[in-house]
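Asker: heads up, no residue letters with this:
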DNA sequence: AGGCTAGTGGCACCGAGTGCCACCGAGCAA
DNA sequence: TTGCTCGGTGGCACTCGGTGCCACTAGCCT
């Protein structure tokens, strides 16, 4: 992802790389938007035209991410268990090639550890939750705003972010495997808790 | 909660009421910190000494909230199922008298609908997650940073916020009942999903 | 009285975002 | 070539959240 050469794709990628690098080395709050803009060779004003927020520079083309997730969910086999479908969709959307993994790690480390980005992430997650809740609603015939669709969306997202966290903590782990471990626990009502 | 008369408790409560009222009527972003301070009869500078952030004025004494949750979890019967303990703790911490319910509704509506507050809430939730994860770690003998404690903390919090959302959507619903509905689904692996 | 302390307010500053306008370059018509 | 529009850019000034600093006041103690 984020490596498409759409019209004016190149400068955006430059900004994103500069931002990630600066934030990772000096901390999100300690880097001003001016510095990111300078490092990317554009003006501060243009930076805020590319990304509505300093935080948004960390998330690549997130709208495409969500769109892809939605596509996967819509294309899923109708008979398949809902949680399995959601797990596969999460796994596939986050299936990066080995070359892109370092950037993903850098990005996720920032999002999960920097308070400002942690806060901002809730707004991005809400878009994901909407898409997942709609899928659950389609699968069960319930209202997307009802308890079950919302709950499944929120819990699966919780599983996904938890998987990301444990994946980050272990340099050698595999993201897909962590996702499955988390979803398996969730789907079975946390059997590892015992009683 | 938040109705204790601790030293200098009164002015803080005035600020909180003014903030809640203004934010609810005109929207969080449309109200400046100056306006809240004026409405509460204090200076802007003092406002930011009471609350480190405009958003924090919406959450009452949240630290006490978390402390109470932690106490309940520590005092729980050791043999009891972990999820049941967590559900009870959430329910008890959020068990308000009828007189305080309107304020709670106002507060939660703001937190769940205003984007800026939605983002900020993630930082508060992280404190809750820490406490819950530690409880799970104590109960299972695992590392609090491991997958299971983190996952249970994140999923139960997801259940709680979902319960809040459905509670908000129905004027006549009972928060405790919504919490139990959500936790029951979660603990049983979402039986309502069917297969 | 003098002195200490806690709480307050005012002031100046930084940084994120935004609206506005001026500029520049590519295309296109005459 | 000249003149035109037009999308992308940069500069500028402004609002607002948040912070550091200092001066002031009210108690309170001896």
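Answerer: Everything's here; your move. Keep in mind that this is a model prediction, so the values were computed, not measured. Numbering: from 1, shown residues only, chains lettered A, B, ... in the order given.
Asker: mind listing the helices for chain A?
Answerer: A:9-26, A:33-40, A:44-50, A:62-74, A:82-93, A:101-113, A:115-140, A:147-169, A:175-187 (DSSP state H).
Asker: Next, the angle helix A:82-93 makes with the fourth one.
Answerer: Which is helix A:62-74. 140 degrees (axes from the mean of the first three to the mean of the last three CA atoms, to 10 degrees).
Asker: now the longest one
Answerer: Relative orientation of helix A:115-140 with respect to helix A:82-93: 130 degrees, computed using the same axes, to 10 degrees.
Asker: weakest of the helices of chain A in terms of mean pLDDT?
Answerer: Mean pLDDT values for the helices of chain A show the minimum at helix A:9-26, a mean of 92.
Asker: Tell me if it is near DNA strand D.
Answerer: Yes - using CB under 7 Å from any atom of the strand, helix A:9-26 reaches DNA strand D at residue A:11. C-beta coordinates here come from the backbone N, C-alpha and C atoms, glycine included.
Asker: Roughly how far does the closest residue to DNA strand D within chain A sit from residue A:32?
Answerer: Here chain A gets closest to DNA strand D at one residue, residue A:46, 2.9 Å apart by CB to the nearest atom of the strand. Remark: distance between residue A:46 and residue A:32 (CB to CB, to the nearest Å) = 15 Å.
Asker: Also residue A:91?
Answerer: For residue A:91 relative to residue A:32 (CB to CB), the value is 37 Å.
Asker: Compare neighbour counts for these two and give me the winner.
Answerer: It is residue A:91, of residue A:91 and residue A:32, that has more neighbours when counted by other CB atoms under 10 Å in any protein chain shown, with 19 against 12.
Asker: do you know how far the more buried one is from chain B?
Answerer: 16 Å (CB to the nearest CB, to the nearest Å).
Asker: Check residue A:23 too.
Answerer: 17 Å.
Asker: next one: residue A:184
Answerer: Residue A:184 is 10 Å from chain B, by CB to the nearest CB.
Asker: now do residue A:26
Answerer: For residue A:26 relative to chain B (CB to the nearest CB), the value is 21 Å.
Asker: burial count for that residue?
Answerer: 11.
Asker: likewise residue A:132?
Answerer: Count around residue A:132 with other CB under 10 Å applied: 28.
Asker: mind listing what residue A:46 touches?
Answerer: Applying CB atoms under 8 Å, 6 or more residues apart in numbering or on different chains, we find residue A:46 in contact with residue A:37.
Asker: Could you do residue A:48 as well?
Answerer: By CB under 8 Å, 6+ apart, residue A:48 lies in contact with residue A:33.
Asker: can you do 6 Å?
Answerer: The contact partners of residue A:48, by CB atoms under 6 Å, 6 or more residues apart in numbering or on different chains, come to none.
Asker: repeat for the one 4 residues further on
Answerer: With contacts defined as CB under 6 Å, 6+ apart, residue A:52 has no neighbours.
Asker: roughly how far apart are it and chain B?
Answerer: 12 Å.
Asker: what do you get for residue A:31?
Answerer: Distance from residue A:31 to chain B, by CB to the nearest CB: 19 Å.
Asker: Over to residue A:84?
Answerer: For residue A:84 relative to chain B (CB to the nearest CB), the value is 10 Å.
Asker: what residues go with each domain of chain A?
Answerer: A:9-56, A:61-193 (automatic domain parsing).
Asker: Reformat these as a markdown table; add distance to residue B:82.
Answerer: Below are the domains of chain A laid out as a markdown table (distance: least, CB to CB, whole Å):
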| stretch | distance to residue B:82 |
| --- | --- |
| domain A:9-56 | 35 |
| domain A:61-193 | 5 |
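Asker: Write out the residues of chain A neighbouring chain B.
Answerer: Residues of chain A found near chain B, taking CB under 6 Å from any CB of the partner chain as the criterion, are A:81-82, A:115, A:118-120, A:122-123, A:147-148, A:150-151, A:154-155, A:158, A:162, A:166, A:182, A:185, A:187-189, A:192-193, A:195.
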